[in-house]
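1. Got a sequence here, can you build the structure:
(one chain, ligands or ions: 1)
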Amino acid sequence: MKNETSSLVRPNALPESASRPVVTPLSPSVVYASDTPDMLDAQYEGRLQGYTYSREGHPNADVVGRRLDRMEGAPHPGIVTASGMAAVSAVLLGLFKAGDHVIGGNQLYGRSLRMMNEDLPRLGLETSLVDVGDVEAVRAALRPETRLILVEAVSNPTLRVADIAGLARLAKETGVLLAVDNTFTTPRAFKPFEAGADIVIHSLTKLLAGHSDVMLGYAAAADAALAERLRVFSITAGLTPSPFDCWLAERGMLTFDLRFDRAQATAQVLADHLSALGGVRRVIYPGRADHPDHARADALLEGRFCNMVSFELDGGRAEANAFTRAAEGLSFAPTLGDVGTTLSHPASSSHRALSPEQRAALGIGEGFFRVSVGLEEPDALCAVFTEAAAAARTR
Ligand SMILES: *Cc1c(COP(=O)(O)O)cnc(C)c1O
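-> Coordinates of the predicted model:
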């Protein structure tokens with residue numbers, strides 16, 4: 001060990017080891033020291049790979065980013081950001097300018113909708129929200145200034161499936177970019193770049209990191225110039241993630257495929273179970289033949305219908321309260337993708353800003369729940385829903 005007895009504050013030497021750690025080291029260093037100004041020139045000019053200042057990139061973010069690039073088949077390195085919304089912001093705020101027009105799905109994630117409705121118009125961009133299951137409706141919303149169509153493959157919380165194939169054709173034909181927020185579907189079920197998307201966005205906070213202990217996002221572009229603009233904007237705007245969050249996310253991602261497959265298999269079992277329970281008015285799961293987009297989901301997701309199930313109880317708020325009170329061991333919490341099953345109630349959370357009439361138009365009443373299925377043993381999980389539905393019915 002060099003400088004072992006140095007009295008300098010940062011002697012800059014690690015203990016020697018001929019062997020290497022199996023686990024990615026956590027690198028919280030904000031700055032990286034170079035040997036000489038010549039070396040720093042070489043780093044800044046890209047002749048030498050080396051980190052400088054962690055807002056511009058750090059090893060833990062790159063480990064997560066390159067792993068997700070491989071999973072998505074991204075042709076250029078994507079950016080890792082401090083949250084999913086930071087990734088949405090990088091795309092919407094980093095690539096376009098005042099006067100441009102952006103089309104979004106009318107059932108986008110709540111904060112993405114807010115950015116479309118409030119922030120982009122404030123900055124002089126125009127936006128339209130349309131049903132992305134209907135390509136002709138999207139075509140009708142196109143303008144000469146349209147630059148982007150932003151969609152989620154499966155919508156929240158009604159789990160409608162976008163016509164991605166049709167949208168990709170429309171986007172190519174008209175020279176408009178197609179961005180897919182792949183958070184719900186994940187690259188295990190759907191690879192947007194293969195389907196013709198230009199940009200892929202993720203909230204790693206959900207299924208990919210998977211343990212509800214990290215906020216992180218990702219965005220990647222199929223075009224090299226766009227990828228570079230995302231990278232530069234992310235550095236300028238300071239969307240940089242914390243190394244520790246990246247370290248935790250990598251740990252979660254190591255088991256992602258196993259967790260996803262298990263949760264998805266249980267989701268199908270739970271959906272079928274719920275459909276046979278008294279007091280449950282309807283069940284929404286893309287893997288069921290009675291789902292309105294079942295055929296499209298089957299083609300798009302190739303039989304991988306994911307871990308999200310929605311259902312509606314008979315009754316209203318009182319029945320919903322009785323249900324969550326009786327749902328022993330399930331977190332009633334507005335998130336998804338955790339190792340444990342979570343329940344969300346859109347009328348009191350994600351969709352509370354809408355009027356009851358607006359919610360009714362989307363099919364979201366007071367008895368409507370969204371379930372993010374986790375890793376519980378399927379029979380035990382179904383038993384909890386049986387109990388909770390009975391409690392709601394006999395309240
Ligand atoms: C959660 C979520 C986001 C936002 O991600 P955060 O990590 O919470 O910022 C964006 N899109 C979808 C579909 C989400 O579910």
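
2. Could you give me the buried positions within stretch 71-86?
-> 71-72, 74, 76-86 (16 or more other CB atoms under 10 Å). Where C-beta positions appear, they are placed from N, C-alpha and C, glycine not excepted.

3. Restrict those residues to those that also contact the ligand, please.
-> Ser83, Gly84, Met85 (CB under 6 Å from any ligand atom).

4. Enumerate every residue touching the residue in the stretch 251-395 of the chain that the ligand sits nearest to.
-> When scored by CB to the nearest ligand atom, the stretch 251-395 of the chain has Leu336 as its residue closest to the ligand, at 6.3 Å. By CB atoms under 8 Å, 6 or more residues apart in numbering, the contact list for Leu336 reads Phe184, Lys206, Leu207, Asn307, Met308, Thr342, Ser344, Arg370, Ser372.

5. Run through the residues that contact the fifth one.
-> This means Met308. Val154, Asn156, Pro157, Leu159, Phe184, Ala267, Tyr285, Leu336, Arg370, Val371, Ser372, Val373.

6. go on, the first one?
-> Shown here is Phe184, whose contacts under the criterion CB under 8 Å, 6+ apart are Glu152, Ala153, Val154, Asn156, Lys206, Cys306, Met308, Leu336.

7. now, which of those residues lie within helices?
-> Of the contacts of Phe184, none are assigned to helices by DSSP state H.

8. Next, format these as JSON lines and append pLDDT.
-> Compiled in JSON lines, the contacts of Phe184 are given as follows (pLDDT from 0 to 100):
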{"residue": "Glu152", "pLDDT": "97"}
{"residue": "Ala153", "pLDDT": "96"}
{"residue": "Val154", "pLDDT": "97"}
{"residue": "Asn156", "pLDDT": "91"}
{"residue": "Lys206", "pLDDT": "98"}
{"residue": "Cys306", "pLDDT": "98"}
{"residue": "Met308", "pLDDT": "98"}
{"residue": "Leu336", "pLDDT": "95"}
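
9. Give the residue spans of the stretch 1-150 of the chain that score low on pLDDT.
-> Along the stretch 1-150 of the chain, segments meeting pLDDT under 70 span 1-5.

10. pLDDT (mean, whole number) over the helix or strand that contains Leu274?
-> Using DSSP states H and E, Leu274 sits in helix 256-275. Average pLDDT, helix 256-275: 98.

11. Name the residues that touch that helix?
-> 186, 188-189, 207-208, 210, 280, 283, 285, 287-288, 290, 304-309, 311, 339, 371, 373-376, 378, 381-382, 385-386, 389.

12. can you check stretch 387-395 too?
-> Counting by CB under 8 Å, 6+ apart, residues outside stretch 387-395 touching it are 274, 277-280, 313-315, 318-320, 322-328, 330.

13. ok now do the residue in the stretch 1-150 of the chain positioned nearest to the ligand, which residues does it touch?
-> With CB to the nearest ligand atom, the shortest gap between the stretch 1-150 of the chain and the ligand falls at Gly84, namely 2.2 Å. Gly84 sits next to Tyr109, Asp181, Thr183, Ile201, His202, Ser203, Leu204, Thr205, Lys206, Met215, Leu216, Gly217 when contact means CB under 8 Å, 6+ apart.
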